[in-house]
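Novice: no FASTA, just this:
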DNA sequence: ATCGTATATAAACATATGGTTATATACTAA
DNA sequence: TTAGTATATAACCATATGTTTATATACGAT
């Protein structure tokens, strides 16, 4: 694979917030406001991290009315699955979101 | 796996020079001066990249008299093999080094 | 059309990163 | 010991990166 493309991929993964996002999206697609809620970060910050992940083709987006849902893409990287499997389980965070009632709003 | 450790690992891989080094070490262990010769970069620059890779536990070193040979470590990463396999083949670069006579000097 | 919500983008700033030059350390050979 | 080679570290600088605040855009409901 091209080194430039690989470098962009690893740059995208070289940030704790973005690894958190990937770990969360591994469970299910989420919209920006849900990520904001779970990660306790500002919306612009999350948006910019998502943009980097999208540019690296690690996530893809799907619009549903006012919400934009992000999910894992990673088709182009043969090794992406192995990397995702090393990420910590985020089931608890997702559960917390659902129980807080902030899941349905999106 | 811990996100902090994973972040450090991806940070270490998020640079073209370091991916080049990993791609080269995939073939065989090399010392600093050989990497300097192959990558046409200054010695301090290579040294600092190697330090990052070593801190991330992606490479290990072995001293042999005045030379320090670096090789792939990555034991702690379950996915390291999959990532290394995505790196381009560097056989040619290694061959060039050997034929230039710069291999024996180290 | 207007308002409210969700998301993206821009500008500004502080910190991190990579390269260079200079210097220090470690080892070998004489 | 001294000289020469290999490597590491430090100081400096330019650029990249992540966060924040402010603003713009997109969509739905009224």
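Specialist: Yep, it's here. Worth saying up front: this structure is predicted, and the values here are computed from it rather than measured.
Novice: Which residues of chain A lie near DNA strand C?
Specialist: A:31-33, A:36, A:43-44, A:47-48, A:50-51, A:61, A:66-69, A:105-106 (C-beta under 7 Å from any atom of the strand). The way it works is simple: take the backbone N, C-alpha and C, and place the C-beta from them, glycine included.
Novice: Let's see that with 10 Å instead.
Specialist: A:7, A:10-11, A:14-15, A:30-37, A:42-51, A:54-55, A:61, A:63-70, A:102, A:105-106 (C-beta under 10 Å from any atom of the strand).
Novice: Cross those residues against strands and list the overlap.
Specialist: A:30-31, A:61, A:63-64, A:67-70 (DSSP state E).
Novice: Tell me the one of these nearest DNA strand D?
Specialist: residue A:63 (6.3 Å; C-beta to the nearest atom of the strand).
Novice: Close to DNA strand D: what parts of chain A are there?
Specialist: A:7-8, A:11-18, A:20, A:39-49, A:51-52, A:63-68.
Novice: Mind doing that once more with 6 Å?
Specialist: By the criterion of C-beta under 6 Å from any atom of the strand, the positions of chain A lying close to DNA strand D are A:11, A:15, A:17, A:41-42, A:44-45, A:48-49, A:52, A:65-66.
Novice: if we can go back for a sec, farthest-separated two in the ones in strands among the residues of chain A next to DNA strand C?
Specialist: Spanning the widest gap among those are A:30 and A:63, at 13.8 Å by C-beta to C-beta.
Novice: What residues of whatever helix or strand residue A:17 lives in count as buried?
Specialist: Using DSSP states H and E, residue A:17 sits within helix A:16-25. For helix A:16-25, the neighbour count (16 or more other C-beta atoms under 10 Å in any protein chain shown) marks A:17-25 as buried.
Novice: of all those residues, which comes closest to chain B?
Specialist: residue A:19 (5.3 Å; C-beta to the nearest C-beta).
Novice: pretty sure the closest one is touching residue A:87, no?
Specialist: Yes: look at residue A:19 against residue A:87 with C-beta atoms under 8 Å: they come within range, at 6.4 Å.
Novice: Now do the shared contacts for those two.
Specialist: B:3, B:6 (C-beta atoms under 8 Å, 6 or more residues apart in numbering or on different chains).
Novice: Are the helix holding residue A:17 and chain B in contact anywhere?
Specialist: Yes: using C-beta under 8 Å from any C-beta of the partner chain, helix A:16-25 comes into contact with chain B via A:16, A:19-20, A:23.
Novice: Over to stretch A:50-63?
Specialist: No: figure legend: stretch A:50-63 not in contact with chain B (C-beta under 8 Å from any C-beta); closest approach 10.5 Å.
Novice: I'd like the mean pLDDT over that stretch, please.
Specialist: The pLDDT scores in stretch A:50-63 average 97.
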